[in-house]
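I'll drop the sequence and a predicted model, then ask my questions.
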Amino acid sequence: MRKIIIDLILVSFVVGLIGWDSSGIVKADLEEVKAEIERIANGKELPPKEFYSDGCSFWPDDFLSHSWKDYCIKHDIYYWLGGTEEDKLKADIELRDNVNAVLPGMGDVLYAGVRAGGRNFIPLIPFPWGWGYGWDTKKESEN
């Protein structure tokens, strides 16, 4: 099972690299996104960098009539804000559970991808969406 999940993540990563399109970028100028940022931040200081999201990075935003893009945008808000390792785990689990509620099993695969990719575990590929990406440095995101 683990090999299947890893293979699915690798295939979706390659497909995502080939088909990534910046026209779907969501920014904080949308009222719904602003409201969600304020709700999630809950009075905490907001990062200096502008919020942006591409939905489910390197993963489909939907499948047939099932969509989880809004959950991915919410997850990106958490990643933009940063915080503790516990905050990151909670954000990843929430994404997994929300996506599984839409399409059982899909959240589990997506969860494996965000746990690996959200760590910027490949130093040669500077993923723009790592934990605390709204801050100028990782250290600032932990304050």
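Sure thing, it's come through.

mind listing the helices for the protein?
2-19, 31-41, 69-81, 85-102, 106-117, 138-141 (DSSP state H).

Could you name the helices and strands sitting against the second one?
Which is helix 31-41. helix 69-81 (3 or more Cβ pairs under 8 Å, 6 or more residues apart in numbering; DSSP states H and E). (Glycine included, C-beta is placed from N, CA and C.)

So what touches the helix it packs on?
Under the criterion Cβ atoms under 8 Å, 6 or more residues apart in numbering, residues 26, 33, 36-37, 40-41, 44, 46-47, 49, 51-57, 59, 61-62, 87-88, 91-92, 94-95, 98-99, 102, 114, 118, 129-134, 141 lie in contact with helix 69-81.

Now with 7 Å, please.
Contacting residues not belonging to helix 69-81 are listed as 26, 33, 36-37, 40-41, 44, 47, 51, 53, 55-56, 61-62, 91, 95, 98-99, 118, 129, 131, 133-134 [Cβ atoms under 7 Å, 6 or more residues apart in numbering].

Any idea which helix or strand in this structure has the lowest mean pLDDT?
Between all helices and strands in the chain, the lowest mean by mean pLDDT, DSSP states H and E belongs to helix 138-141, at a mean of 46.

For ChimeraX, write a command that selects the buried ones of the contacts of helix 69-81.
Those of the contacts of helix 69-81 that count as buried under 16 or more other Cβ atoms under 10 Å are selected in ChimeraX with:
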select :26,33,36,37,47,51,53,55,56,61,91,95,98,99,118,129,131,133,134
